[in-house]
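**Student:** model this:
(one chain, ligands or ions: 1)
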Amino acid sequence: MIQLIMKKIILVTNDDGIHSPGIGALMRAMEAIGDAYMVAPDRERSAVSHALTLHRPLKVEKLGANVWSVNGTPTDCVALGIEKLLPGKPDLIVSGINRGGNLGDDITYSGTVSAAIEGTIFGISSLAFSLVIAEPPGARPDYGAAGHMALRVARFALENGLPYDTLLNVNIPNAPEEEIKGVRFTRQSKRVYHGAIHETKSPWGEVHYWIGGGRPFWERGDDTDMDAVMDGYVSITPIHLDFTNAGAIDWLRKKWNGDGFPIG
Ligand code: MN
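**Tutor:** Numbers count the residues shown, from 1 in each chain. Here you go, the predicted model:
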């Protein structure tokens, strides 16, 4: 049997910045299965969500044969990587490994997940990886097991593709590989932070507000992303880009009383 060996093109990005250890671990993992190209923000851009830089030019700096840094967002990096920097259309886009989990409603803020959203919009299989660092916040991140898991999930996505309009949000416990119990396929949970806005004062006495920290409250449930990682499993959630609540269309039809506007 003749087997055609085509090396896969893999775009690696993140939102923690190009110098973060997480993207280094992800790049090394991807180099084992394809031609990996890193296009990543030149500094930390966590929580920028799906922001695109429109009102200033972007500067790209080539730092190595397959490595570019961009003074923009994760979404900018994916768009530039696909359209300008890589030698061809990527077969796979991977984002992370984020320092900290992207669980529940966190994903709506996440630059890590948004990079995978951008890839999905381009019709490319895309994966977001995050390392869940449990309290205390000072716990040392270890990307070794997460790198191995990223390799497994990436192989799966290259072999099987992904369902239409769907990315995989992968959260990995910060633990040695032998302590991770396995994989759970999960749904996105609800997670809300309380007390995340802190009042501070500038040296000149002005009041400022600093968003960060806070106490997370989350919905529990055996099938959720949060429970999986709390129980020591890798959580893989398939995320659909279509936010439409299909049932709510009927709800609107029934509830809308009409005020002269016909409903089509
Ligand atoms: Mn981040």
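**Student:** give me phi/psi at residue 203?
**Tutor:** Main-chain torsions, residue 203, degrees, to the nearest 10: phi -60, psi -20.
**Student:** so what's it scoring on pLDDT?
**Tutor:** Note on residue 203: pLDDT of 96.
**Student:** tell me how many other residues crowd it.
**Tutor:** Here the number of neighbours of residue 203 (other C-beta atoms under 10 Å) works out to 5. Bear in mind the C-beta positions are built from the backbone N, C-alpha and C, glycine included.
**Student:** next one: residue 252 relative to residue 22, how far apart?
**Tutor:** Distance of residue 252 to residue 22, computed by C-beta to C-beta, to the nearest Å: 42 Å.
**Student:** when those two are compared, which one has more neighbours?
**Tutor:** Using other C-beta under 10 Å, the more surrounded residue of residue 252 and residue 22 is residue 22, with 26 against 11.
**Student:** helix or strand for the closest residue in space to that one that isn't next to it in sequence, which one?
**Tutor:** Sequence neighbours aside, residue 97 is the residue nearest to residue 22 in space, at 3.8 Å (criterion: C-beta to C-beta, 6 or more residues apart in numbering). Per DSSP states H and E, residue 97 falls inside strand 92-99.
**Student:** who does that strand pair up with?
**Tutor:** In the sheet, strand 92-99 lines up against strand 8-13 (parallel), strand 125-132 (parallel) (DSSP bridges).
**Student:** after the longest one, which helix or strand is next?
**Tutor:** It stands for strand 125-132. Strand 125-132 is succeeded, C-terminally, by helix 144-160 (DSSP H and E).
**Student:** ok now stretch 129-142, how far from the chain's centre?
**Tutor:** Stretch 129-142 sits 16 Å away from the centroid of its parent chain (C-alpha atoms, centre = their mean, to the nearest Å).
**Student:** for that stretch, give me every contacting residue.
**Tutor:** 21-22, 26, 94-103, 110, 112, 143, 146, 149-150, 153, 169-176, 229 (C-beta atoms under 8 Å, 6 or more residues apart in numbering).
**Student:** who touches the residue lying closest to residue 50 once chain neighbours are set aside in this structure?
**Tutor:** Using C-beta to C-beta, 6+ apart and skipping residues adjacent in sequence, the residue nearest residue 50 is residue 114, 3.9 Å away. For residue 114, the contacting residues are 15, 48-51, 74-75, by C-beta under 8 Å, 6+ apart.
**Student:** please indicate which of the residues you listed are buried?
**Tutor:** 15, 48-50, 74-75 (16 or more other C-beta atoms under 10 Å).
**Student:** so how many other residues sit close to residue 183?
**Tutor:** Neighbour count for residue 183, taken as other C-beta under 10 Å: 16.
**Student:** next one: residue 132
**Tutor:** Per other C-beta under 10 Å, the neighbour tally for residue 132 reads 23.
**Student:** likewise residue 159?
**Tutor:** Residues near residue 159, counting by other C-beta under 10 Å: 7.
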